[in-house]
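Undergrad: Here is my input; please provide its structure:
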Amino acid sequence: MNSQTLTQNQNNRRYDPKAIARYYRYRPWLAWSRAVTVIWSFVWFIVSLKWDEWQNQEEQNKLKRATQLRQLLTRLGPTFIKVGQALSTRPDLIRKDYLDELVKLQDQLPPFDNAIAYQTIETQLERSIDEIFSELSPNPVAAASLGQVYRGRLITGEEVAVKVQRPNLRPILSLDLYLMRWAAGWISPWLPLNLGHDLTMIVDEFGTKLFEEIDYLNEARNAEKFATNFRNDPQVKVPTIYWRYTNLRVLTLEWIHGFKLTDTKSIRAAGLDPNAIVQIGVTAGLQQLLEHGFFHADPHPGNLFATPDGRMAYIDFGMMDQLNERTKETLVDAVVHLVNKDYSELAEDYVKLGFLTPDTDIRPIIPALEAVLGDAIGKNVGDFNFKTITDNFSELMYEYPFRVPSQFALIIRSLVTQEGIALSLNPNFKIVEVAYPYVARRLLTGESPQLRRRLLNVLFKDGKFQWQRLESLLAIARTDGNFDVLPTAQLGFQYLLSDEGKFLRKQLVLALTEDDRLHTEEVQRLWNLVKDDIQPARLIDVAIGVLTELSREGVASILPKAAVAFSSKP
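TA: Got it, this is the predicted structure:
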């Protein structure tokens, strides 16, 4: 049985670790041969580094070693190229000389034979090249880890990118994943229980996503779902899929004109602001995680472009994942609790997200979270970055029974990659400077009952209204150029006078008269915070809008609610 037979045994196109293990269990020479190749490659590279150190030639040979590492990963194939791609987005982790070389792994890999690519197109689409395209580049314009891209024009006139998969990809990935899974089984017993527990599951999750990524029909469906999620966002561009010319190993989609996010020179030359592009990218990433629940798990610079009109374009949808509603809501909670330094609630969030088991005693973990994460956040929210948190959090992994759920390995990878891209555009970038204003705006403008409940959880602690938190939310939300205080106030008044807002009305009256005094100072500070954004004409428009909306219940119902809200004490 050869590699073709292995491919045929997996016609369902899904990653099946048991089937792969059965295949290589009876062909150990294939696994051992690959293992020796991988181990020897890295041993030789490490020896080269040590030799430079012994000969005091580290500085002299640094560019040579960086090139050597890129070539090594390229020779080892798609799995290792994926690792190099992830590292290429971390300028805070990788030296610049290595970074410049690893960036080439995004779309400057050696292409495979054009004749094979053309044959794949004709075989998959069951028609000749001339029947499909009026133009098709004779050579690929980009070559990535799993395929290469040609630029063409359909006979109907549309300019397109044609993505063609590398040959024999499934058997190559299967063998590497088998070895990774085997290594995970050996390594796990030597790691703390909380670190080794899910190591094999993480490999399986990675394998599942890789197999999904080489199914171009699945990628096309992902692209259309992603486009639907961002259909009302003018700042995000998703290419059109041409289904008539798409199959399992060939994907035809709209050609995107733009600049790679790491090409800051071209971005600036086009009159674009790199900071604005960073803001769009991070906000879009947060929307994927916290609103849509459908997120891009591989957002490296080769997959993201800044368009000439200032939009963010996504061009690769092979590695995606879906979050359920409960997980999205808990992630919002965790961000709020982290920044508000509510460590007991944050520990509960970790239980809900699966980082701690439900039977874990979280009492000793709470002060540990405060000690580690409190230092990471610092006195200023802007001092926070995701790498700092992951570095500090790793200390807790050794002392307490934390574990990383397999799905969150992808989320963490996505966030780390996005932060790395942002750092390449702006070395002073802090992810929370974008993330928390977004969350604050979501809480203040959210129309769903779930978000309103979370806003109440933020504003009330131990039954007392937290004036400082409301000030903080408003102040931080106003740093987001998309936040408008008047529509937010309109939503607030409508909610306050509704049946659902009965509890808040009572609590607000209590807050205003708490400690036997009127809290006029707090109200004045809030007014000073927002008054510059409020123009009299707009304020009148909002008031009319509120009354119009509420008039659906009848004037007779509005006045008693207003009286209860602002005149009586429960």
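
Undergrad: For burial, what's the neighbour tally of residue 143?
TA: Neighbour count for residue 143, taken as other C-beta atoms under 10 Å: 17. Heads up, the C-betas are built off the backbone N, CA and C, glycines and all.

Undergrad: isn't it right up against residue 111?
TA: Yes. Counting by C-beta atoms under 8 Å, residue 143 touches residue 111, with 4.1 Å between them.

Undergrad: can you map out the strands along this structure?
TA: Assigned by DSSP state E, the chain shows strands spanning 133-136, 142-143, 147-154, 159-165, 236-237, 250-254, 259-260, 294-296, 304-306, 312-314, 320-322, 460-461, 464-465.

Undergrad: Show me the helices in the stretch 101-250 of the chain, by range?
TA: Ranges of helices in the stretch 101-250 of the chain, per DSSP state H, counting those that start in this stretch, are 114-125, 129-132, 169-187, 193-196, 199-213, 216-229.

Undergrad: can you put the ones you listed in JSON lines and add mean neighbour count, distance to residue 64 and mean pLDDT?
TA: Putting those into JSON lines (neighbours: other C-beta atoms under 10 Å; distance: least, C-beta to C-beta, whole Å; pLDDT from 0 to 100) gives the following:
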{"stretch": "helix 114-125", "mean neighbour count": "16", "distance to residue 64": "31", "mean pLDDT": "96"}
{"stretch": "helix 129-132", "mean neighbour count": "14", "distance to residue 64": "41", "mean pLDDT": "95"}
{"stretch": "helix 169-187", "mean neighbour count": "19", "distance to residue 64": "27", "mean pLDDT": "89"}
{"stretch": "helix 193-196", "mean neighbour count": "15", "distance to residue 64": "35", "mean pLDDT": "50"}
{"stretch": "helix 199-213", "mean neighbour count": "21", "distance to residue 64": "31", "mean pLDDT": "83"}
{"stretch": "helix 216-229", "mean neighbour count": "18", "distance to residue 64": "37", "mean pLDDT": "96"}
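
Undergrad: Just send the ones you listed back as a markdown table, with distance to residue 250 too.
TA: Listed next are the helices of the stretch 101-250 of the chain as a markdown table, based on distance: least, C-beta to C-beta, whole Å:
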| stretch | distance to residue 250 |
| --- | --- |
| helix 114-125 | 4 |
| helix 129-132 | 10 |
| helix 169-187 | 13 |
| helix 193-196 | 40 |
| helix 199-213 | 15 |
| helix 216-229 | 6 |
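
Undergrad: quick one, which of these is nearest to residue 439?
TA: helix 216-229 (18.3 Å; C-beta to C-beta).

Undergrad: ok, residues contacting the closest one?
TA: For helix 216-229, contacts defined as C-beta atoms under 8 Å, 6 or more residues apart in numbering pick out 13, 163, 165, 212-213, 238-239, 241, 243, 246-251, 253, 287-288, 291-292, 294, 296, 314, 316-318, 320.

Undergrad: Buried among these? Need that as a selection in ChimeraX.
TA: Per 16 or more other C-beta atoms under 10 Å, the buried members of the contacts of helix 216-229 correspond to this ChimeraX selection:
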select :163,165,212,213,238,239,241,246,247,249,250,251,253,287,288,292,294,296,314,316,317,318,320
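
Undergrad: count of neighbours near the closest residue to residue 230 other than its chain neighbours?
TA: Nearest non-adjacent residue to residue 230, counting by C-beta to C-beta, 6 or more residues apart in numbering: residue 236, 4.3 Å away. Applying other C-beta under 10 Å, we find 21 residues neighbouring residue 236.

Undergrad: what's the average pLDDT for the longest helix along the chain?
TA: Longest helix in the chain by number of residues (criterion: DSSP state H): helix 28-54. In this model, helix 28-54 has an average pLDDT of 92.

Undergrad: Which elements pack onto that helix?
TA: Contact partners of helix 28-54 among helices and strands, from 3 or more C-beta pairs under 8 Å, 6 or more residues apart in numbering; DSSP states H and E: helix 58-76, helix 169-187.

Undergrad: and that helix, which residues are buried?
TA: 30-31, 34-35, 38, 41, 45, 52.

Undergrad: how about JSON lines for these, with distance to residue 66 added?
TA: Formatted as JSON lines, the buried residues of helix 28-54 follow (distance: C-beta to C-beta, whole Å):
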{"residue": "30", "distance to residue 66": "32"}
{"residue": "31", "distance to residue 66": "30"}
{"residue": "34", "distance to residue 66": "25"}
{"residue": "35", "distance to residue 66": "26"}
{"residue": "38", "distance to residue 66": "20"}
{"residue": "41", "distance to residue 66": "16"}
{"residue": "45", "distance to residue 66": "11"}
{"residue": "52", "distance to residue 66": "12"}
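
Undergrad: Could you identify the most distant pair in those?
TA: So, the buried residues of helix 28-54 by C-beta to C-beta: farthest apart are 30 and 52, at 34.4 Å.

Undergrad: about what we covered before: among the helices of the stretch 101-250 of the chain, which is nearest residue 279?
TA: With C-beta to C-beta as the measure, helix 216-229 is the member of the helices of the stretch 101-250 of the chain nearest residue 279 (18.6 Å).

Undergrad: Show me what the residue nearest to residue 230 bridges to in the sheet.
TA: Bridge pairing for residue 236 (DSSP bridges) gives the partners residue 312.

Undergrad: can you start the count at 5 instead of 1 from here on
TA: In the new numbering, first residue 5, that becomes residue 240.

Undergrad: May I ask you to confirm that it is in contact with residue 318?
TA: Yes. Assessed by C-beta under 8 Å, residue 240 is found in contact with residue 318 at 7.3 Å.

Undergrad: Next, the contact list for residue 89, please.
TA: For residue 89, the contact set (C-beta under 8 Å, 6+ apart) comprises 106, 109-110, 149, 302, 304, 306.

Undergrad: Most neighbours among those, which one is it?
TA: Counting neighbours by other C-beta under 10 Å, the top entry in the contacts of residue 89 is residue 304, with 27 neighbours.

Undergrad: gap between residue 348 and residue 374?
TA: Residue 348 sits at a distance of 9 Å from residue 374 (criterion: C-beta to C-beta, to the nearest Å).

Undergrad: Any idea which of the strands of the chain gets closest to residue 27?
TA: Across the strands of the chain, residue 27 has its closest neighbour in strand 163-169 (21.1 Å, C-beta to C-beta).

Undergrad: partners of that closest one in the sheet?
TA: Short version: by DSSP bridges, strand 163-169 pairs with strand 151-158 (antiparallel), strand 254-258 (antiparallel).

Undergrad: So for stretch 326-333, what gets flagged as buried?
TA: Across stretch 326-333, burial judged by 16+ other C-beta under 10 Å covers 327, 331-333.

Undergrad: Can you report how many residues neighbour the nearest residue to residue 84 once chain neighbours are set aside?
TA: What sits nearest to residue 84 in space, not counting adjacent residues and going by C-beta to C-beta, 6+ apart, is residue 77, at 4.5 Å. With neighbours defined by other C-beta under 10 Å, the count for residue 77 comes to 25.

Undergrad: mind listing what residue 77 touches?
TA: By C-beta under 8 Å, 6+ apart, the residues touching residue 77 are 84-85, 87-88, 106, 109.

Undergrad: ok, now with 6 Å
TA: For residue 77, the contacting residues are 84-85, 88, by C-beta atoms under 6 Å, 6 or more residues apart in numbering.
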